[in-house]
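Participant: Mind folding the following:
(one chain, ligands or ions: 2)
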Amino acid sequence: MSSKQHETIYLEDYQPPAWLISHTELRFELEEEHTLVRAQLSVRANPAVADKRMPLELFGDEAMELCRLSIDGQILETCDYQRDAGCLRIQNVPEHFTLECVTRLLPHENTALEGLYKSDGMFCTQCEAEGFRRITFFPDRPDVMSVFRTTLVADKARYPVLLSNGNPVDNGEDGEGRHWVTWDDPWPKPSYLFALVAGDLALLEDNYTTLSGREVALRIYAERKDLDKLDYAMQSLKNAMRWDEGVYGREYDLDIYMIVAVDFFNMGAMENKGLNIFNTSCVLAHPKTTTDLGFQRVEGVVAHEYFHNWSGNRVTCRDWFQLSLKEGFTVFRDAEFSADMNSRTVKRIEDATLLRTAQFAEDGGPMAHPVRPESYMEISNFYTLTVYEKGAEVVRMLHTLLGSELFRKGSDLYFERHDGQAVTTDDFVAAMEAVSGRDLSQFKRWYSQAGTPLLTVSDQYDEHTGEYCLNVRQSCPPSPGQEHKQPYHMPLAMGLLAEDGAELYAGCLELTGEEQQFRFTDIASRPVPSLLRGFSAPVKLDYQYSDAQLLMLLRHDTDGFNRWDAGQRFCIRLLQEQMRRYRAGEPMQCPDVLISAWRELLTDASLEPAMVAQCLELPSEAQLSELAEQIDVTAIHAAREFMRAALATALEQEWLQAYQRCDTGAAYAADAASMGRRSLKNLALSYLMLTGCEPWLELARQQYEQSDNMTDQLAALSLVAHSGFRETGAELLQAFYQQWQHEALVMNQWLSVQASDPTPGALARVQALSTHPVFDARNPNKLRALIAGFCARNLFHFHAEDGSGYEWLADWILQLDRRNPQIAARLLTPLTRWKRYDTERAALMQAQLQRMMDTAELSADVYEVVSKSLM
Ligand code: PHE
Ligand code: ZN
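Facilitator: Ligands and ions are numbered 1, 2, ... in the order given. Predicted structure coming up:
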């Protein structure tokens, strides 16, 4: 049994802070062996809280060394306060006072990457959600907002660059080669937005003039060797600033905006006020080393963190249950930005696919929680697809229900009402209610109920009266702690198409009841409904389409998203049929209708290549797993591989033509049209390779050798490495390693390609890679590349019948938990889904979870996930 009891925190227990901090003055003495932090807090009683005798409550990590504590200059002895598990309480404090606190930290020993730590020789911080309490004792909760002034002192030669939030206001030399800089951030902020960086960094500088004429210096810092990889992030930042002014009327509010790239980072990036800290994977981009997906990620994440300056920083969260207030809204904002910068339909397809694959799986698993959770043991476990992506879908539905004009009015009102405050998702919805005059109380169930709703739709058509009737039923399965669900309020965007594809109706229905009927009159012939256009709500849709109807929609729907979706539905149906045949020992088949539909898409030069590529990509094994009653890993893999091979052979000429059409020979450009061409070209190459014919191996090798960009080079590499041409595969992997061994991000791709190689011997390969010199178990990016590469992108081998994949993962989790609990808990996800598998696999997975549970001293992070999975 785990010796430590981990406490559960409940939303309903929320109490406003008894004490407020108006000013926080920090001084960091950064040295090689340790760092001394002196914090001076101006504390006053919260006038909104009646009881003035509440103790002052400061959070501070158990392991943190407290050197001195004083109130108005009076040193406190250990008998003057209580310190226990993460909390320090002082009784009988005056109504106003200055608290001084000195702590001693060991950043170089901080492997959890929370609080102050070292990444490749530079100091940096990560304070969201509860990292500030690893720096000093503080009311480390988002509803305590304070003005920060920070001085950094460090060796000048080693750490010439000293950064914190706000503007630099003073600096000087201390003698003995040390220097100092003082930063002042005028905007009150919660401690989770504090940041500092000290290091020897190179910088790309630019500037931006806001709509109202404020001059802003834009600085992106990175290691000197990466200076040539910062232009795209800079351009994305400027685009995001312009976009937020135009679409939301939001301007930047400081003189400097800084981004720092660090190689050791648990997440993607962090929106610290004026000083974003980024995982290198989300900021560095160069055509030679970064794939198109990487470029899009940089653009999206740079925008996301910038947008947080309003949705998160100026208006922040009252408590961590409100996390989606900032994350859901900001993801919605960045998704719309990316849609405006690139192809709107493709962006929507990508987001819907992520939701349907991973968020739906989360919603159906043991860690399912509402967009606004009701309880947690460790808040780090709630930075989830539900809070982020489903939360963004909830905001999108508000946008759809209100329309963009009212939505903008609501957002203006929200920012105006709550500027400088820490608020709740209810406050956000209240602003939308105020501007629209609508009652959104039923809508708010999206925040409080977990689980993925199901829409069951049927229809009748009366050819005498010309009346068409849609019946829509909604339901939502139980989730942990929520047996019965109330009906949701949601937009159902839809159209009606005549048999020949002519559009008879287009509009948006509103669902509120458990069962509703919608009548359409004057419909000349039986229409085909195009339902849930643009994925207008994060739900599953069940309507008994005929094959012919799906193929008609694939050809003619006026909604691009639903064209794609009709094709996907058709493929899913065919794949499920092949899975059945595989299990029954019957031969699998690839029907001619599919081949001809694909031929049509593939040869229609009027279609956007990016869309064609999306349509011709079969649903992933992960998505087929999510859809399965019980997940049969072998049948899913066999059916999908069979279908891919059949489509490869039947359309070999067309794949080649598509390849040649998209292979324009133009120099690399990172625009949407060029990216679309590359995606279709590489998809075509993947099908050609599946035929197993030598000439296509040659084509892939040629592409590998001659491409001027990482997208094409990596695509060719992974196709060859995953093919039956093992020798050439090994040769290219070796060449790739030789060429790129000094580029950390490229080496992550190299690890990931090998970890996801579906050919036999996969586990032995990842085991060997874990001792390879480029692998570093302290670096989260490396862990994600290797471990998630195998456990999440090589499902067939991870789920090997003998349980070897499960044991390997559990070994890693136990080892990592002592070093970096956040990462350990995240990588654990695949095991939590054990109940979805056949009894043998489920038992093997459960046994590994139990083995972890029986380990002494699990972190709260891993304990929460493991214990909930075993319930
Ligand atoms: N708040 C960050 C974002 O979404 C994510 C993050 C959370 C980063 C926790 C680090 C730690 O932009
Ligand atoms: Zn965010």
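
Participant: For residue 378, list the residues it contacts.
Facilitator: Residues near residue 378 by CB atoms under 8 Å, 6 or more residues apart in numbering: 6, 821, 825, 859, 860, 861, 863, 864. C-beta: built from backbone N, CA, C; applies to glycine.

Participant: are any of those buried, and which?
Facilitator: 821, 825, 859, 860, 861, 863, 864 (16 or more other CB atoms under 10 Å).

Participant: tell me, how many neighbours does residue 635 end up with?
Facilitator: The local packing of residue 635 (other CB atoms under 10 Å) involves 19 other residues.

Participant: My error: substitute residue 227 in the last question.
Facilitator: There are 16 residues near residue 227, going by other CB under 10 Å.

Participant: Do you know the pLDDT at it?
Facilitator: pLDDT for residue 227: 98.

Participant: change the start of the numbering to 96 and stick with it
Facilitator: Sure, I'll start numbering at 96, so the last one becomes residue 322.

Participant: That one reaches residue 297, doesn't it?
Facilitator: Yes: counting by CB atoms under 8 Å, residue 297 is a contact partner of residue 322 at 4.6 Å.

Participant: For residue 831, see how far away the residue in the stretch 546-695 of the chain that ligand 2 sits nearest to is.
Facilitator: Evaluated by CB to the ion, the stretch 546-695 of the chain has residue 633 as its residue closest to ligand 2, separated by 18.4 Å. Residue 633 sits 39 Å away from residue 831, going by CB to CB, to the nearest Å.

Participant: Kindly report the same for residue 608.
Facilitator: Distance from residue 608 to residue 831, counting by CB to CB: 57 Å.

Participant: For these two, indicate the residue with more neighbours.
Facilitator: residue 831 (22 against 13).

Participant: Would you enumerate the residues in contact with residue 561?
Facilitator: The contact partners of residue 561, by CB under 8 Å, 6+ apart, come to 616, 617, 618, 619.

Participant: Point out where the protein drops to low pLDDT.
Facilitator: By pLDDT under 70, the low-scoring segments of the chain are 96-99.

Participant: Quick one: name the residues of it near ligand 1.
Facilitator: Within the chain, the residues that sit near ligand 1 (CB under 6 Å from any ligand atom) are 221, 223, 362, 364, 365, 366, 399, 400, 422, 478.

Participant: Format the residues you listed as JSON lines; extra columns: neighbour count and secondary structure.
Facilitator: Conversion of these to JSON lines gives the following (neighbours: other CB atoms under 10 Å; DSSP: H, G, I helix; E, B strand; the rest coil):
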{"residue": "221", "neighbour count": "27", "secondary structure": "strand"}
{"residue": "223", "neighbour count": "24", "secondary structure": "coil"}
{"residue": "362", "neighbour count": "19", "secondary structure": "coil"}
{"residue": "364", "neighbour count": "23", "secondary structure": "strand"}
{"residue": "365", "neighbour count": "25", "secondary structure": "strand"}
{"residue": "366", "neighbour count": "23", "secondary structure": "coil"}
{"residue": "399", "neighbour count": "26", "secondary structure": "helix"}
{"residue": "400", "neighbour count": "26", "secondary structure": "helix"}
{"residue": "422", "neighbour count": "24", "secondary structure": "helix"}
{"residue": "478", "neighbour count": "18", "secondary structure": "coil"}
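
Participant: Cross-check those against ligand 2 and keep the overlap.
Facilitator: Intersecting the residues of the chain next to ligand 1 with the contacts of ligand 2 gives residue 422 (criterion: CB under 5 Å from the ion).

Participant: follow-up on the earlier one: and the contacts of residue 473, which of them are in helices?
Facilitator: Here DSSP state H is the test, and the contacts of residue 473 give 916, 920, 955, 956, 958, 959 as lying in helices.

Participant: Among these, which one sits closest to residue 766?
Facilitator: Comparing those against residue 766 with CB to CB places residue 920 closest, at 38.4 Å.

Participant: Once you drop chain neighbours, what's closest to the closest one?
Facilitator: Excluding the flanking residues, the one nearest residue 920 by CB to CB, 6 or more residues apart in numbering is residue 956, at 3.8 Å.

Participant: Contact partners for that neighbour?
Facilitator: Here residue 956 is in contact with 473, 475, 476, 912, 916, 917, 919, 920 (CB under 8 Å, 6+ apart).

Participant: Get me the contact residues on the stretch 196-345 of the chain for ligand 2.
Facilitator: Residues of the stretch 196-345 of the chain lying near ligand 2 (CB under 5 Å from the ion): none found.

Participant: Could I get the full set of strands for the stretch 196-345 of the chain?
Facilitator: Ranges of strands in the stretch 196-345 of the chain, per DSSP state E, counting those that start in this stretch, are 210-214, 217-221, 240-250, 256-259, 262-270, 273-285, 291-294, 297-304, 310-317.
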